[in-house]
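>>> Mind looking at a prediction? Sequence and model below.
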Amino acid sequence: FLRTLQFAEDGGPMSHPVRPASFMEISNFYTLTIYEKGAEVVRMIHTLLGAEDFRKGSDLYFDRHDGEAVTIENFVSAMEDASGRNLDQFTRWYSQAGTPRVEATGEDHEDLQQYHLTLSQSCPDTPEAKGAEKLPFVIPVAMGLLGDAGNLALQVEGEAADFETSDNTHRVLELDQATKTFVFQQVFEEPIPVLLREFSAPVKLEYGYRRHELKAIMSRDSDGFSRWDASQKLALLALNDIITAYHGDQNYVVEPLLIDAYR
């Protein structure tokens, strides 16, 4: 729903921030951006802080402001005070319009037993910005690395390995710069990056997945959204093959990888 309708609103002439700086008619506030994308912004805070700190922030928010007329700043301040996190840069989600694009590239370094994942962000011009440069958002990119036998344990260079957590195969990366590279250690096989798991941010992800990689994600990744998303991408490629063959008066078969994945 968000991708189909709100992304279109974000990319059209009526694009506006989650919290517009001004309005001419209050009924203009009943938009997909304010309600649907606004909800996603709150969910991103939950993703960044974790369930425990988000609950602490929510409790603090109600303790402070129950029965009052409040602002977004009051909500964010409660989250900051409860978690100890600075969310100043994150609040750009409230003031900058448009759907960010995240471009991802990966390099496997077999000799070093490392995998390098580079994420870059950009945001197209929108009418209210009038050509002004968009500042980098804080984008939570939930991810995993998929190997032949399933999801791999993740160890980021420069951070202590934590193999005691309930799920060390899932990680939320924070893309807070125009471009940022993350180095994963102890990677003993060339992995498939599974990016934007749980649809962790309302962004458009660009990564050059090959068909066998989409089948692998669809078949073996542990995240339901990622499996569904891979199935959509692989099915679309198969449909385009059929359409191209049809217009060229050629015989066609349904993509075998898709049939295998469905089975």
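The structure has been received and is ready for your questions. Please read these numbers as outputs of a predicted model, since none were measured by experiment. Numbers count the residues shown, from 1 in each chain.
>>> residue contacts, Ile45?
By C-beta atoms under 8 Å, 6 or more residues apart in numbering, the contact set of Ile45 is 54, 57, 76, 79, 87, 90. To be clear about C-beta, it is placed using only N, CA and C from the backbone, and glycine gets the same treatment.
>>> please redo it, this time with the cut-off set to 7 Å
Applying C-beta atoms under 7 Å, 6 or more residues apart in numbering, we find Ile45 in contact with 54, 79.
>>> Could you do Leu234 as well?
So Leu234 contacts 211, 214-215, 218, 257-258, 261 (C-beta under 7 Å, 6+ apart).
>>> and it, that's in a helix?
Yes - assigned with DSSP: H, G, I helix; E, B strand; the rest coil, Leu234 falls within a helix.
>>> one step back: could I get the contacts of Leu234 as a markdown table with secondary structure, pLDDT and distance to His247?
Output for the contacts of Leu234, formatted as a markdown table (DSSP: H, G, I helix; E, B strand; the rest coil; pLDDT from 0 to 100; distance: C-beta to C-beta, whole Å):
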| residue | secondary structure | pLDDT | distance to His247 |
| --- | --- | --- | --- |
| Arg211 | helix | 97 | 21 |
| Leu214 | helix | 97 | 24 |
| Lys215 | helix | 97 | 26 |
| Met218 | helix | 95 | 27 |
| Leu257 | helix | 93 | 22 |
| Leu258 | helix | 93 | 20 |
| Ala261 | helix | 91 | 26 |
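>>> Check the spacing between the residue most central in space within the chain and Val41 real quick.
Among the residues of the chain, the one closest to the centroid is Ala201, at 3.5 Å (C-alpha atoms, centre = their mean). Counting by C-beta to C-beta, to the nearest Å, the separation of Ala201 from Val41 is 9 Å.
>>> neighbours of Asp63, just the number please.
Neighbouring residues of Asp63 were enumerated by other C-beta atoms under 10 Å; the total is 9.
>>> Buried residues, stretch 90-99. List them.
Buried residues in stretch 90-99, counted by 16 or more other C-beta atoms under 10 Å: 90-94, 96-99.
>>> hey, where'd the helices end up in this protein?
7-10, 32, 38-49, 51-65, 72-83, 92-95, 211-220, 224-247, 256-262 (DSSP state H).
>>> follow-up on the earlier one: could you dump the contacts of Leu234 to TSV with distance to Thr105 and neighbour count?
Formatted as TSV, the contacts of Leu234 follow (distance: C-beta to C-beta, whole Å; neighbours: other C-beta atoms under 10 Å):
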residue	distance to Thr105	neighbour count
Arg211	18	16
Leu214	17	23
Lys215	21	22
Met218	22	23
Leu257	23	19
Leu258	25	20
Ala261	24	22
